[in-house]
Structures are given as structure tokens and as C-alpha cells.
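**Student:** pasted the sequence and its predicted model underneath.
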Amino acid sequence: MRISFDLDEVLFVDPNTFEIEDPPRFPLDRIYRERLRKGTVRLIRTLQEEEFEAWVYTSSFRSEKYIRSLFRCYGIRFDGIINAQRHLREVQKGHGHLLPQKVPGYYHIDLHVDDEDVIHQYGKQYGFKTCKVCEPDPDWVEKVLDQARRVRDLTESDRADKKQES
């Protein structure tokens, strides 16, 4: 079961508005200027302990190496990273019309966590499940975990039903 996260305003937040994880130690705090929303480390670790694959799916042009290195400072290793370059190369390639900036189904992602309303609308239109996280919310980790578990249970139930039909 795969779950993906947008970066900006979901995992990377403004420390003037949100509670944040402790920044990396000097000099890494100067290299990695983004600040993680408080609870990110616990959320990703819990998901991976429960055998979810944790991915990043961002429309930013940050390199995969940069993203991996930044999260490594927090002991987080993502199972996959899709940035704007990869999305354009693999998803948009050769399509005459413009596709949404994120198409989680292309990567077999079961749930995408994002702050943008348009992404949630695309989820309904293109058939992928989303979880909205935006404003400061002390319960955001539990909300994401609950939604991920619900999607997993529904997916497993659907698979069991299809198996019985065969």
C-alpha cells in the first residue's frame, strides 16, 4: 500500500505559522532551509512500521538527491520520490493535452496527501484517493494515519471480494 506526500505546505511549512520538528544541526540547517511540520517524522515511521510505502509526490523541481538528503537528516528514507522533472518525463510525456500536475495512479499510489483543493478535485475526476492537510492542526498525524488505514482496509476488502468472485 503506497501513500504519497506533497512537500510544500504539507511536510515543509512556515515556522512562523506551524509547529516544526527540530531543524538539523549546524551546518546542515544552513543547507536545508525547509522546516518539517511537527509530527512528520513520527508519521512516516509509523506508516512504514505498518508496512505502508511512503513516497514524495511534489510539483517542485527540487532534485531527488536533495529531497533524500534532507529527510535523511531526520532518519527518514522514502520508498519513492516523484518531482516535477520525473512527472513531466514519465507521466506527461507525449500527451498532447496537459495532464494534472500529479497523477498518483500512474505510480500505483493508493492515497495522496496534499494541501491544494485542485489536487483533491483531480482525485475525484481521475479516480485517486486524497487526504487534505493544510492549516495548522495538532491532530494532523492521526487524521492521515486514520485515512491511510481506512484506504488500506477498503483496498484489502475489495481484493478479497474480487478473489471470491473468481
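**Tutor:** That came through fine.
**Student:** dump the residue contacts of the residue nearest to Arg86 when sequence neighbours are not counted.
**Tutor:** Take Arg86 and drop its neighbours on the chain: the residue closest to it by C-beta to C-beta, 6 or more residues apart in numbering is Glu64, 7.4 Å away. Bear in mind the C-beta positions are built from the backbone N, C-alpha and C, glycine included. For Glu64, the contact set (C-beta atoms under 8 Å, 6 or more residues apart in numbering) comprises Ile81, Asn83, Arg86.
**Student:** how about the secondary structure of Ile3?
**Tutor:** With DSSP: H, G, I helix; E, B strand; the rest coil as the basis, Ile3 sits in strand.
**Student:** now do the contacts for it.
**Tutor:** Each residue near Ile3 by C-beta under 8 Å, 6+ apart is listed here: Leu47, Phe52, Glu53, Ala54, Trp55, Ile109, Asp110, Leu111, His112, Val113, Val144, Ala148.
**Student:** just the closest of the residues you listed to Arg25, please.
**Tutor:** Relative to Arg25, the closest of the contacts of Ile3 is Ala54; by C-beta to C-beta it sits at 23.7 Å.
**Student:** would you turn the contacts of Glu64 into TSV with neighbour count, pLDDT and distance to Ser157?
**Tutor:** TSV is the format used below for the contacts of Glu64 (neighbours: other C-beta atoms under 10 Å; pLDDT from 0 to 100; distance: C-beta to C-beta, whole Å):
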residue	neighbour count	pLDDT	distance to Ser157
Ile81	20	98	30
Asn83	20	97	33
Arg86	15	96	32
